[in-house]
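# Predicted model follows, preceded by the sequence.
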Amino acid sequence: MGSMYQSDLVARNCTINIGKRLFFADFILLGIHGYDVILGMDWLTKYQDIIDCKPKPLAIVTPDGERFI
């Protein structure tokens, strides 16, 4: 986007529902329009995310250790 955003507003321990499974994240609230959520590399690493860019599946591990696509 080429812009810098600064915020001190954080919503901690929010739930994200993906395929009827619950995940948790801390959200930094920014004044960006057109996006619901941006999941950063720290969150993706925490849940052992694997993204295959060509077919676009998302493999993720739940907090209980279950891997699903």
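The structure has been received and is ready for your questions. Keep in mind the model is a prediction, meaning the values are calculated, not measured.

# Which pLDDT value belongs to the residue nearest to the spatial centre of the chain?
With distances taken as Cα atoms, centre = their mean, the residue of the chain nearest its centroid is Leu39 (3.0 Å). Leu39 carries a pLDDT value of 86.

# Could you do Val61 as well?
For Val61, the predicted pLDDT is 89.

# what does Arg12 give?
pLDDT, Arg12: 94.

# and if you look at Leu22?
90.

# ok, now which ones touch it?
The contact partners of Leu22, by Cβ atoms under 8 Å, 6 or more residues apart in numbering, come to Thr15, Ile16, Thr62, Pro63. Using the backbone N, CA and C atoms, a C-beta is placed for each residue, glycine as well.

# what's the following helix or strand after the lowest-mean-pLDDT helix or strand in the chain?
Every helix and strand of the chain was ranked by mean pLDDT, DSSP states H and E. The lowest is strand 50-51, at a mean of 80. Using DSSP states H and E, the helix or strand that directly follows strand 50-51 along the chain is strand 58-61.

# That following strand: what's the following helix or strand?
On the C-terminal side of strand 58-61, the nearest following helix or strand under DSSP H and E is strand 67-68.

# Tell me which other helices or strands that following strand touches.
Packed against strand 67-68 by the contact rule (3 or more Cβ pairs under 8 Å, 6 or more residues apart in numbering; DSSP states H and E) you find strand 58-61.

# what does the strand it packs on rub up against?
Contacts of strand 58-61 (Cβ under 8 Å, 6+ apart): Ile18, Phe23, Tyr47, Gln48, Asp49, Ile50, Ile51, Asp52, Arg67, Phe68, Ile69.

# repeat that with 6 Å
Strand 58-61 is contacted from outside by Tyr47, Gln48, Asp49, Ile50, Ile51, Arg67, Ile69, using Cβ atoms under 6 Å, 6 or more residues apart in numbering.
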